[in-house]
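Asker: what follows is a predicted structure for the sequence shown.
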Amino acid sequence: MIRLKEPFGVVIEESGVIRGAKKTVRRLSDMEGYFADEKAYEELLAEDPVVYEVYSIEQEEREGDLNFATTVLYPGRVGREFFFTKGHFHARADRAEVYHTLRGKGGMLLQTPEGKVEWVPMWPGTVVYVPPYWAHRTVNTGEEPLVFLAVYPADAGHDYGSIREKGFAKLVVDEDGEVRLVDNPRWK
Ligand code: S6P
Ligand code: ZN
C-alpha cells in the first residue's frame, strides 16, 4: 500500500527565510581551506561573519520525491574572492537540480568531474538548470544578499569531498570593480 503524504505550501519571506524549515548556518570558520587567500581568511576570521544560511524542507531519501531550500548568501570577499557556498557534487552524481534566483546578484560556477567549468549569471527571475554530474557553487558578486530557491531530488545527497580538497578550477574575483574568472592555482 502506498502511504500518501499531505501536500503543503510555505512562504518564502522577503529575506529568503522559510519559517519552520531546517536552518543551516555557514560561518567563515566553517569554510577553512576554501578561499584562496589564506592570509585574508585568517584576518577576517576575527569577525567570523556568516557567509550563508540555508533553509531546507527535506523529505526522506527516496527516489521520486523532492527537497527544496532557500539559500541566503551574504555579500563579502576574502581578499579579492567573492563569498560563495562550499559547492558540491550530488552523492548520487546523476541527480539534477533547478535554482530560481529571488534577490541579489551573482552567479553559479558549475564543473564536470574532468574540470570543465561554466559560469551562469544569476539575478532575480533567472532559473539555472544544474545538469546531472555537474558540481555547483553559487557566488555573490553584489552588495546585497543573493537569495535563491533550489529544488532537488530527495535522494540526491551532497558530496563535498573533492571540492573541499581542490576547489573549482576557476576563482571568481573582484578586479578593480569587475567580476573576473581566473585560474585557481590550487587546481590540479
Ligand atoms: C542542494 C542545493 C543548495 C545548497 C546550498 C548550500 O542540493 O544545491 O540548497 O545545498 O545552496 O550550498 P552547499 O554547497 O554548502 O551545500
Ligand atoms: Zn545541489
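Answerer: Done, it's in. Ligands and ions are numbered 1, 2, ... in the order given.
Asker: got the contact list for Pro131?
Answerer: When contacts are counted by Cβ atoms under 8 Å, 6 or more residues apart in numbering, Pro131 touches Ala96. Quick note: C-beta positions are derived from backbone N, CA and C, even for glycine.
Asker: now do it, the pLDDT please.
Answerer: Pro131 is assigned 98 on the pLDDT scale.
Asker: so what's the backbone phi/psi at it?
Answerer: Main-chain torsions, Pro131, degrees, to the nearest 10: phi -70, psi 160.
Asker: skip the chain neighbours and tell me the closest residue to Tyr99.
Answerer: Excluding its sequence neighbours, the residue lying closest to Tyr99 (Cβ to Cβ, 6 or more residues apart in numbering) is Val128, at 4.3 Å.
Asker: that's a helix at that neighbour, yeah?
Answerer: No - counting by DSSP: H, G, I helix; E, B strand; the rest coil, Val128 is located in no helix; its state is strand.
Asker: and it, how many residues sit next to it?
Answerer: 19 (other Cβ atoms under 10 Å).
Asker: can you give me the buried ones in the helix or strand of the chain with the lowest mean pLDDT?
Answerer: Sorting the helices and strands of the chain by mean pLDDT, DSSP states H and E puts helix 161-166 at the bottom, at a mean of 94. For helix 161-166, burial by neighbour count (16 or more other Cβ atoms under 10 Å) applies to Ile163.
Asker: can I get it as PDB, trimmed to CA atoms?
Answerer: The C-alpha trace of helix 161-166 is given here as PDB (Å, rounded to 0.1, in the frame of the first residue of the first chain):
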ATOM      1  CA  GLY A 161      34.900  15.900  -0.700                       C
ATOM      2  CA  SER A 162      36.700  16.800  -4.000                       C
ATOM      3  CA  ILE A 163      35.600  20.400  -4.000                       C
ATOM      4  CA  ARG A 164      36.800  20.800  -0.400                       C
ATOM      5  CA  GLU A 165      40.200  19.500  -1.400                       C
ATOM      6  CA  LYS A 166      40.800  21.200  -4.700                       C
END
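Asker: hmm, who's touching that helix?
Answerer: With Cβ under 8 Å, 6+ apart, helix 161-166 has contacts from Gly33, Tyr34, Lys86, Gly87, His88, Phe89, Ala135, Arg137, Asn184, Arg186, Trp187, Lys188.
Asker: change it to 6 Å
Answerer: Gly87, Ala135, Trp187 (Cβ atoms under 6 Å, 6 or more residues apart in numbering).
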